[in-house]
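[1] Starting from these lines, generate the structure:
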Amino acid sequence: CIYERNGYADRIAYLSSLAEDFGLPIRYVTSVANALGSDDDFDGLISTLSEVSSAVMCNPDMEDELYAKYGE
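    Just a heads-up that it's a prediction; the model follows:
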């Protein structure tokens, strides 16, 4: 599968890695990934998470809201 070819055990491991890399809650990353669909896991999802991560860094209140809604 594509996740194994890229060094991950499965999609969940991949999404967990992205959550850690971008400093975002795993539940948020999973929610966005599911909304976009697995076809976007290696392009659209990364772009979206990058934009959100940048916005969070510029606005600490946004980080608080994300973690309040999606947890750790």
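[2] tell me the mean pLDDT for the helix or strand encompassing residue 57?
    According to DSSP states H and E, residue 57 maps onto helix 44-58. Mean pLDDT, computed over helix 44-58, is 95.
[3] Please list the residues outside that helix that contact it.
    Applying C-beta atoms under 8 Å, 6 or more residues apart in numbering, the contact partners of helix 44-58 are 18, 22, 23, 24, 29, 32, 33, 36, 62, 63, 66. Just so you know, the C-beta spots here come from the backbone N, C-alpha and C atoms, and that holds for glycine as well.
[4] How about stretch 20-39?
    Applying C-beta under 8 Å, 6+ apart, the contact partners of stretch 20-39 are 11, 15-16, 18-19, 40-41, 44-45, 48-50, 52-53, 56, 66-67, 69-72.
[5] Distance from the chain centre to it, please.
    3 Å (C-alpha atoms, centre = their mean, to the nearest Å).
[6] Which positions within it qualify as buried?
    Buried residues in stretch 20-39, defined by neighbour count with 16 or more other C-beta atoms under 10 Å: 22, 24, 25, 26, 27, 28, 29, 30, 32, 33.
[7] Distance across that stretch, terminal residue to terminal residue?
    Terminal residues of stretch 20-39 are spaced 21 Å apart (C-alpha to C-alpha, to the nearest Å).
[8] List the buried residues of the helix-or-strand element of the chain with minimal mean pLDDT.
    Lowest by mean pLDDT, DSSP states H and E among the helices and strands of the chain is helix 60-70, with a mean of 90. Using 16+ other C-beta under 10 Å as the test for burial, helix 60-70 gives 63, 66, 70.
[9] What separation is there between residue 30 and residue 59?
    As judged by C-beta to C-beta, to the nearest Å, residue 30 and residue 59 stand 22 Å apart.
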